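# my questions are about this predicted structure, shown below with the sequence.
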Amino acid sequence: MINSLARSSIFWILKIIDASNFSESELQRVCDILQNILVDYFDSKKSQMKCEFLKEIFRRGPWIGEQLFGFLLEKCSCAKSQFRQVEALDLVTEVLKSHGSASDKASEKFLKSHISKISHLIKHLVTNMPEKQARRAAVRKFCGKVFQMLTTFKFSSSFVDTLEEDGCAACQSQLGDIFVALKKQQV
């Protein structure tokens, strides 16, 4: 009951923030608070934070996900546990969902600005593939979604170039057909 009240309160606070005309510095303060929460989430196995709750924050406040996206990409590759790392891929996917429209120039610019971090994360994931089958499947699913988005925005070539030769080899061996399809889409 207490957790439910806390979640509801945070969602109402986010509604108030969205409805108000806060300055950039005040909005940045909100992102800083959430970033500190995410640091605890990634670095502590004892964190009580639930992935679904964080995804809902990004769903309700896409601007928060945009602000924290680079940080999320970095923390995914250095999370203390594979469980948190794979769970965090859902958070990255949630932020990317709000940028899925190829006709949107802002989405194109957003994705382009993060290609190097995305390629670093995927290279890290495929070279350190989780041992558990379910987690490996989650990594493959995540990579497939990212590759689809890269293809939609015609960033396949930029991504593969950023991935470098060893990253390409790792993607080829771990992802197979998914990666081959991306390479065929290079423009």
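Nice, I can see it. Nothing here was measured: the structure is a model prediction, and the numbers come from that model.
# can you count the residues close to residue 109?
12 (other C-beta atoms under 10 Å). To be clear about C-beta, it is placed using only N, CA and C from the backbone, and glycine gets the same treatment.
# just the pLDDT for it.
Here the pLDDT value assigned to residue 109 is 91.
# which helix or strand contains it?
In this structure, residue 109 is located in helix 105-113 according to DSSP states H and E.
# now do the buried residues in that helix.
Neighbour-count burial for helix 105-113, counted by 16 or more other C-beta atoms under 10 Å, picks out 107, 108, 110, 111.
# the second one touches residue 149, doesn't it?
If I follow you right, that is residue 108. No - taking C-beta atoms under 8 Å as the contact criterion, residue 108 and residue 149 are not neighbours in contact, 10.5 Å apart.
# and of the buried residues of helix 105-113, the nearest to residue 72?
Minimum separation from residue 72 among the buried residues of helix 105-113 (C-beta to C-beta) is found for residue 110, which lies at 13.1 Å.
# correct me if wrong: that closest one contacts residue 99.
Yes - counting by C-beta under 8 Å, residue 110 does reach residue 99; the two are 5.3 Å apart.
# for residue 23, state which of the buried residues of helix 105-113 is nearest.
For those, the nearest to residue 23 is residue 110 (22.0 Å; C-beta to C-beta).
# got the angle between the helix or strand that contains residue 126 and helix 105-113?
Assigned by DSSP H and E, residue 126 belongs to helix 115-127. Comparing the axes of helix 115-127 and helix 105-113 via axes from the mean of the first three to the mean of the last three C-alpha atoms, to 10 degrees yields an angle of 60 degrees.
# how does the protein divide up, domain by domain?
Residue ranges of the domains in the chain are recorded as 1-72, 99-187, according to automatic domain parsing.
# what is the least confident helix or strand in this protein?
Of all the helices and strands that make up the chain, the one with the lowest confidence by mean pLDDT, DSSP states H and E is helix 2-19; it has a mean of 83.
# no further queries at this time; thank you.
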